[in-house]
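1. Here's a sequence, model it:
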Amino acid sequence: MSASKANEYFSDGMTEEIINALAKIGRLKVTSRTSSFFFKDKNISITEIGNELHVSTILEGSVRLSGTQVRITAQLVDVVDDFHFWSETWDRELENIFEIQDEVSLLIAEKLREHLGHFEIQERLVEKQTDSIDAYEYSLKAKFLRNKWNPEDVKKAISLYEKALELDPNHYKSHLGLADSYSFLGTTGFMPFEEAWGLTIKYTNQAHELNSQSSGVHYQLSNQAFFIECDYGKSLREMKKAIEINPNNAAAQQFLSFLYIIAGEREKSREHLEIALCINPLSEETHFFKAYFHYMIGDYPRSLDLLDKCLRANDKNIPAHSIKPLCLLKLGRFDEVITYFDIIPADVVIEGEKTGAIGLAYSLMNDTANASRYLEKLSAQAKEKNGYTADSYLFMMAAVSGDKDKAFAWVVQAIENNSSLLLLRYTDPLAAPITNDPRYDALKNTIYRTETIEEPVRQKTALLDADTASKYSSRLLDHISTNKPYLNPDLTLRDLAKQIDIHPNHLSWILNQSIGLNFNEFINQYRIEAFKSYAKAQENENLTIEGLAYESGFNSKTVFNTYFKRETGLTPKQFLKQKG
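-> Take a look at the predicted model:
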């Protein structure tokens, strides 16, 4: 949320930056922007949100911008017990925006580790993008518009990204934003394909020069290799690199699933699709990739159900409208395909696709006259300047009709022309009639050729050797027993690590691996024992339960009650009554 709709771009941008920062932490599963934002401004319970996203902890809060002042509030909520176990507020100057993002992200990461268990946290999670706050604001406004994913808003976003680059030509995220914007316009047909992808290549390469370690840059390089260079191996390599940099990149995970399924690698495809769905369970785009996976493995009823779900959410979902007619063809519902393009929104109809799908329907119905008529129309469309889609359907028509020589002649020509649609069409289920020809596998190996790279075997190694772990454990337990740091209600894992002179990552590992508890469980067990001891003392008989809890180091009544019942099986009141 934000102070006004006018500043919504800033609130959304800040939220996404924090999501991206937390996603850099390897062992932390972070739900992506799309699924997180689904619940924005909706009155839904924490339990419902947790169940929808399949997460154990919810981060909620607000970002307010007033002049040059930023106020950020954040709180972490345990989904199972439905209690807020941490909250914080920051008031800062806008000019220090990247330092604020890093400070907030690091503290949230620390609190998650204290509550959930061990993972290592880098020294910094957010790098400074630019010295120009105005350039950064332009880029946030642009991203806010681009994320609406319609041509009108994407074109407005392009103008804002250009303004950002006028102020800072080295702002790589604006270069990357322009690349994403032009690739969208090119692939959806709202801008001439060659012009759009020429600009995509330009801005992707500039972004890569400025930041070669950006997951988003390698994602775009993979798209470039696929759609422009028709280089399957390079596309696969770049997408793997995007995921290596950021395993929580849902877009990269789902595209890698797509790359594997078109090459016939079902299990690898399923694995990455499941990861994408785990990160982004409510994304319409991810559910489209799931529908496509089911289409490619021959589960047409399931694919159709998922496609219809996508189209109910957005009746202008172009990819869903591209695959649904093919699915209907495989289900034998030819009449529906013939009328399909008359009942969907006119502005999403791609003429080559319409002609090709209807031609396939007539061919499968053995209606030779109409099939020939549509084949002639398709051939004419394929010769037009942007006739790529129509041209790819010539292959499909030849395959469906069993004209293998014609189908393979098209494939050879497509390889020479670097036609990216060849990668998409060659293994389509509708091309099944030509798969028993010996030429099929030979050409398939050429089309989906990859470099053989042996991936290094990663062996799990302990963060600390046994002697060091034992020494640190003894130091920790001696300090706890002697100095009782748990009585400080503001104690953090980082504070405790400093007190015993070890790195916070090492202390986190010791707690979870050697002792078997996360930080909060470890500290609160001592606080509960302190509460029991204080409750017995005669001098404390006038203190309330809440007062005794605060004396024991708790600073939240809810946290105290939750941990006490978890530890003893009783409420504090029941415990005291039982003890007399």
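2. what's the spacing between the nearest residue to residue 326 once chain neighbours are set aside and residue 442?
-> Spatial nearest neighbour of residue 326, excluding adjacent residues (Cβ to Cβ, 6 or more residues apart in numbering): residue 430 at 6.3 Å. Where C-beta positions appear, they are placed from N, C-alpha and C, glycine not excepted. Counting by Cβ to Cβ, to the nearest Å, the gap from residue 430 to residue 442 is 21 Å.
3. And these two? Which one has more around it.
-> residue 430 (19 against 11; other Cβ atoms under 10 Å).
4. just checking, that one touches residue 327?
-> No: taking contact to mean Cβ atoms under 8 Å, the distance of 10.1 Å between residue 430 and residue 327 leaves them out of contact.
5. so who does the most centrally placed residue in the chain touch?
-> Nearest residue to the geometric centre of the chain (Cα atoms, centre = their mean): residue 250, 2.9 Å. Under the criterion of Cβ atoms under 8 Å, 6 or more residues apart in numbering, the neighbours of residue 250 are 32, 34, 276, 279, 280, 283, 286.
6. now do residue 320
-> Per Cβ under 8 Å, 6+ apart, neighbours of residue 320: 288, 291, 307, 310, 311.
7. Leaving out sequence neighbours, find the closest residue to the second one.
-> With sequence-adjacent residues excluded and distances taken as Cβ to Cβ, 6+ apart, residue 291 is closest to residue 306, at 3.6 Å.
8. give me the element the closest residue in space to residue 55 that isn't next to it in sequence is part of.
-> Excluding its sequence neighbours, the residue lying closest to residue 55 (Cβ to Cβ, 6+ apart) is residue 31, at 6.1 Å. For residue 31, there is no helix or strand it lies in under DSSP states H and E.
9. Now residue 31: phi and psi?
-> phi -70, psi 140 (degrees, to the nearest 10).
10. Look up how far residue 89 lies from it.
-> Taking Cβ to Cβ as the measure, residue 31 and residue 89 are separated by 23 Å.
11. out of the two, which sits in the busier spot?
-> residue 31 (26 against 11).
12. Pull the distance from the longest helix that the chain contains to the chain's centre.
-> Among the elements of the chain assigned as helix by DSSP state H, the one spanning the most residues is helix 97-116. In terms of Cα atoms, centre = their mean, to the nearest Å, the centre of helix 97-116 is set 19 Å apart from its chain centre.
13. can you pull the buried residues of stretch 288-298?
-> For stretch 288-298, burial by neighbour count (16 or more other Cβ atoms under 10 Å) applies to 288, 289, 290, 291, 292, 293, 294, 295, 296, 297.
14. Ok, stretch 479-494 next?
-> When burial is assessed from 16+ other Cβ under 10 Å, stretch 479-494 yields the following buried residues: 480, 485, 486, 491, 492, 493, 494.
15. again, but for stretch 394-409
-> Result for stretch 394-409 [16+ other Cβ under 10 Å]: buried residues 394, 395, 396, 397, 398, 399, 400, 401, 404, 406, 407, 408.
16. residue contacts, the residue nearest to residue 326?
-> Shown here is residue 430, whose contacts under the criterion Cβ under 8 Å, 6+ apart are 326, 329, 330, 360, 396, 399, 400.
17. Between the residues you listed, which sits nearest residue 131?
-> Proximity to residue 131 was ranked across these by Cβ to Cβ; first place goes to residue 326, at 50.3 Å.
18. I'd guessed the closest one sits against residue 353; true?
-> No: shown here, residue 326 and residue 353 do not form a contact pair, counting by Cβ under 8 Å, at 9.6 Å.
19. for residue 92, helix, strand, or coil?
-> Judged by DSSP: H, G, I helix; E, B strand; the rest coil, the three-state class of residue 92 is strand.
20. The stretch 201-350 of the chain: helices as residue ranges?
-> Counting by DSSP state H, counting those that start in this stretch, the stretch 201-350 of the chain forms helices over residues 215-227, 232-245, 250-262, 266-279, 284-296, 300-313, 318-330, 334-343, given from the N-terminal end onward.
21. Would you mind listing the outside residues contacting the helix or strand containing residue 184?
-> Residue 184 belongs to helix 172-187 when assigned by DSSP H and E. In this structure, residues lying in contact with helix 172-187 by Cβ under 8 Å, 6+ apart are 129, 135, 138-139, 142-143, 146, 149, 151, 154-155, 157-158, 161-162, 164-165, 168, 190-193, 195-197, 199-200, 203-204, 206-207, 210-211, 214, 216-217, 220, 223-224, 227.
22. and stretch 397-412, how far out from the chain's middle?
-> Relative to the chain's own centre, stretch 397-412 is displaced by 39 Å; criterion: Cα atoms, centre = their mean.
23. correction: stretch 505-514
-> Computed by Cα atoms, centre = their mean, the chain-centroid distance of stretch 505-514 equals 29 Å.
24. Begin at 9 from now on, thanks
-> New numbering, starting at 9: the last item is stretch 513-522.
25. now do the same end-to-end measure for it.
-> End-to-end distance of stretch 513-522 (Cα to Cα, to the nearest Å): 13 Å.
26. coming back round to it: with the buried residues of stretch 296-306 in mind, which one is nearest to residue 560?
-> Nearest to residue 560 among those, counting by Cβ to Cβ, is residue 298 at 49.6 Å.
27. you'd agree the closest one is up against residue 288?
-> No: contact criterion Cβ under 8 Å: residue 298 and residue 288 do not qualify, at 10.8 Å.
28. ok, back up a step: what are the neighbouring residues in contact with the residue nearest to residue 63?
-> Counting by Cβ under 8 Å, 6+ apart, residue 39 makes contact with 27, 61, 63, 287, 288, 289.
29. if we can go back for a sec, got a markdown table for the buried residues of stretch 296-306, with distance to residue 526 too?
-> Written out in a markdown table, the entries for the buried residues of stretch 296-306 read as follows (distance: Cβ to Cβ, whole Å):
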| residue | distance to residue 526 |
| --- | --- |
| 296 | 38 |
| 297 | 35 |
| 298 | 34 |
| 299 | 39 |
| 300 | 40 |
| 301 | 36 |
| 302 | 39 |
| 303 | 43 |
| 304 | 42 |
| 305 | 40 |
